[in-house]
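Visitor: sequence and predicted structure, then a few things I'm wondering about:
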Amino acid sequence: MLERNLNRIVISAALVFASKALLPVVKDTLRPMVSDLSRKMKQK
């Protein structure tokens with residue numbers, strides 16, 4: 001039981017750390033795509 005809870009805490013902490021590290025990269029990657037898509041939708 002304790003090992004299972006400890007495993008969940010470690011995995012959760014790793015996911016939080018990874019998401020904080022990847023968020024700026026994902027935002028910088030998706031921003032041009034979203035702006036291009038919105039421009040195309042406005043033209044129609």
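Guide: Everything's here; your move. Numbers count the residues shown, from 1 in each chain.

Visitor: count of residues packed around Val10?
Guide: 10 (other C-beta atoms under 10 Å). C-beta here means a position set from N, CA and C on the backbone, and glycine is covered the same way.

Visitor: list the contacts for it?
Guide: Residues near Val10 by C-beta atoms under 8 Å, 6 or more residues apart in numbering: none.

Visitor: tell me the spacing between it and Arg31.
Guide: 32 Å (C-beta to C-beta, to the nearest Å).

Visitor: again, but for Val25
Guide: 11 Å.

Visitor: one more: Arg39?
Guide: Taken as C-beta to C-beta, the span from Arg39 to Arg31 is 13 Å.

Visitor: ok, now Met41?
Guide: In terms of C-beta to C-beta, Met41 sits 16 Å off from Arg31.

Visitor: repeat that for Leu22.
Guide: Applying C-beta to C-beta to Leu22 and Arg31 gives a distance of 14 Å.

Visitor: and for Asn5?
Guide: Between Asn5 and Arg31 the distance is 39 Å, computed by C-beta to C-beta.

Visitor: now swap in Leu2 and tell me
Guide: Counting by C-beta to C-beta, the gap from Leu2 to Arg31 is 44 Å.

Visitor: shaky segments in this protein?
Guide: Residues of the chain that meet the criterion pLDDT under 70 lie in 44.

Visitor: all helices for it, in order.
Guide: Along the chain, counting by DSSP state H, helices occupy 2-43.

Visitor: Leu2 and Arg31 - which one has more neighbours?
Guide: Arg31 (10 against 6).

Visitor: got the contact list for that one?
Guide: Contacts of Arg31 by C-beta under 8 Å, 6+ apart: none found.

Visitor: any idea how far Ala18 is from it?
Guide: 20 Å.

Visitor: how close does Asp28 get to Leu22?
Guide: Distance from Asp28 to Leu22, by C-beta to C-beta: 11 Å.

Visitor: swap in Gln43?
Guide: Gln43 sits 32 Å away from Leu22, taking C-beta to C-beta as the criterion.

Visitor: so between those two, which is more surrounded?
Guide: A side-by-side neighbour count of Gln43 and Leu22, using other C-beta under 10 Å, places Leu22 first with 11 against 6.
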